[in-house]
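Q: sequence and computational prediction follow.
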Amino acid sequence: DSKKINFESIHKYINKKNFYTIEDRINYQDFDWIIEGIFGTGLNRDIEGDFSKTIESLSLVENILSIDIPSGIYADNGVASNTFLNARHTISFAFPKLGHFLSTGYSALGKLFLYPIGHDSEAIDSKIKLINKHDISNLFRPSNPTAHKYLKGKVLSLSGSSSYTGAALLSSKAAICSGAGVLKQLVPSSLHSAMSMNKETIDILIDDNQ
């Protein structure tokens, strides 16, 4: 059978006693690390049979190192299949995949390591771009310690309602943390107590029905 492993040809590289097949009963907890590449980026359907059982057993292992993407995660959208692995680290090559940053894929990959293998970035035909630190670092200007707040930019915020406070709170905090000198908020009266927690803003109360 050509599908069977020829131990005679690989005995120099691996000990037969340490080589297992999917039919063997393995206690994965006996190993400090498991390196897995069961599916990688090629998965396009739910996982069944022995593969499903193997992934369920591996899911109990704390230290998983996945190749390309944790098995059970769809590489094009980060959505999880019916069963999947949470990796401690993920090693991928050339460029990250969409599934590394979207949906369950982002939390499942652990720490991502990328290694070049000779691909030319200019030859990649994709409209999707990853924003890195160097893409935005030039947008930041050094802060002038002698400048008063009115020289550091003014922001007018109109957000929030009696039932939805999250966007208003987050946007006001983001404006202050990013360096805005003055933030004026048009705040529905019903949110005044919540929004007043940010002491660095100027709140202008408006009627909830406006």
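A: Yes, it's here.

Q: roughly how far apart are F84 and F95?
A: Per C-beta to C-beta, to the nearest Å, F84 is found 22 Å from F95. C-beta: built from backbone N, CA, C; applies to glycine.

Q: of the two, who's got more company?
A: F84 (23 against 13; other C-beta atoms under 10 Å).

Q: how close does the residue nearest to the more buried one when sequence neighbours are not counted get to F39?
A: Spatial nearest neighbour of F84, chain neighbours left out: G72 (2.6 Å); criterion: C-beta to C-beta, 6 or more residues apart in numbering. Remark: distance between G72 and F39 (C-beta to C-beta) = 7 Å.

Q: N27 too?
A: 23 Å.

Q: for I202, give me phi and psi.
A: Phi and psi for I202, reported as degrees, to the nearest 10, are phi -110, psi 110.

Q: dump the residue contacts of the spatially closest residue to it that is not a sequence neighbour.
A: Closest residue in space to I202, ignoring its immediate chain neighbours: K184 at 4.7 Å, by C-beta to C-beta, 6+ apart. Going by C-beta atoms under 8 Å, 6 or more residues apart in numbering, K184 touches 154-157, 201-204.

Q: scan this structure for its longest strand.
A: Criterion DSSP state E: the longest strand present in the chain is strand 182-188.
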